[in-house]
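# With the sequence up front, the predicted model follows.
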Amino acid sequence: MSFSQILAFLMARAPDLRAELRGAHPDDLAELAGACPRPLPAAYLEFLRAMGGSSGSFQPLPVADCRAASLWPHILATSPSYPDDRFFKVGLDLGIGRDILQDWFLDLQRGDPDDPPVVRFEDEGDPADFVAARVDVVARAWTAMLQARAFLSFAVEARAHQQRSTFAAGEAGAVRLDDVAAICGRLGLTPALPSRPGLHTLERADLSVLLELPPESARIDVRVGADSAASGQLLVEVIHDNLEAPTGR
């Protein structure tokens, strides 16, 4: 999955967004690149060039400031509480309705170097006391985060009715997620964006369905947008009934 595919999806679903987007200023890009312990990952750099100055009505990260002009001054002015050769801050938690702030980072030592995983944690304390267990792995890749956010905002939530359900993933979580996607396929849903490990974004004329197995999670998250409440409820019931049906073995 490339960033350009996600951007094309956004432009198709929200044409007015084009006028709202602004790439990061070259000076801000240079400052941010200078603060990163290695060259900025390619997928993240594409994002910055397209909307690192303003993402308009699209929220790449929930309730966070992702603008390059906000990030680099914060990074330079704040003593990190984490290994800054591994984690690079890409979103500032705006703290709306929360006492504990958890900023957003790329994990530069895991996954694809050009499209690393997204993690969250509280940026406080002595870096010598940093414990990896406090890191919440949110997405397997930066573009996976953007894909899920774009589809949720401009497909699922664009429908008149929304519904959310979860299903146990079991030990074979990825297989079970693909089973849910196959059930949706038999009901006529097809990929709106390419499927990837842990994530399916599916649609038909009256339904938009996001299927996600978050990293390190034991539950499959199903987000449904439907033109009618009945069709959304029916989909969830069919998924449940098929997953719980005896296999015959």
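Right, received. Where do you want to start?

# Give me the nearest residue to the residue nearest the centre of the chain, chain neighbours excluded.
Among the residues of the chain, the smallest C-alpha distance to the mean C-alpha position (Cα atoms, centre = their mean) belongs to Met145, namely 1.9 Å. With Cβ to Cβ, 6 or more residues apart in numbering as the criterion, Met145 has its nearest non-adjacent residue at 3.9 Å, and that residue is Ala139. Yep, even glycine has a C-beta here, placed from its N, CA and C like the rest.

# and the gap between that neighbour and Arg149?
9 Å (Cβ to Cβ, to the nearest Å).

# more neighbours, these two?
Remark: of Ala139 and Arg149, Ala139 carries more neighbours, 25 against 20, as counted by other Cβ atoms under 10 Å.

# Would you list the phi and psi of that one?
Backbone torsions for Ala139, taken as degrees, to the nearest 10, come to phi -150, psi 150.

# and it, bridged to which residues?
When assigned by DSSP bridges, Ala139 has beta-bridge partners Val118.

# element containing Ile239?
Remark: Ile239 resides in helix 229-244, with elements defined by DSSP states H and E.

# send the alpha carbons of that helix over as PDB?
Listed in PDB are the C-alpha atoms of helix 229-244, where the atom choice follows Å, rounded to 0.1, in the frame of the first residue of the first chain:
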ATOM      1  CA  ALA A 229     -29.600   0.300  10.400                       C
ATOM      2  CA  ALA A 230     -31.100  -3.000   9.400                       C
ATOM      3  CA  SER A 231     -28.400  -3.800   6.800                       C
ATOM      4  CA  GLY A 232     -25.600  -3.000   9.200                       C
ATOM      5  CA  GLN A 233     -27.100  -5.200  11.900                       C
ATOM      6  CA  LEU A 234     -27.700  -8.000   9.500                       C
ATOM      7  CA  LEU A 235     -24.100  -8.000   8.400                       C
ATOM      8  CA  VAL A 236     -22.900  -8.200  12.000                       C
ATOM      9  CA  GLU A 237     -25.300 -11.100  12.700                       C
ATOM     10  CA  VAL A 238     -24.100 -13.000   9.600                       C
ATOM     11  CA  ILE A 239     -20.500 -12.600  10.700                       C
ATOM     12  CA  HIS A 240     -21.300 -13.800  14.200                       C
ATOM     13  CA  ASP A 241     -23.400 -16.800  13.000                       C
ATOM     14  CA  ASN A 242     -20.700 -17.900  10.500                       C
ATOM     15  CA  LEU A 243     -17.800 -17.600  13.000                       C
ATOM     16  CA  GLU A 244     -19.700 -19.600  15.600                       C
END
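
# Run through who's touching that helix.
Around helix 229-244, the neighbours that count as contacts under Cβ atoms under 8 Å, 6 or more residues apart in numbering are 161-163, 165, 167, 176, 179-180, 183-184, 187, 206-207, 209, 222, 224-226.

# No more questions from me, cheers.
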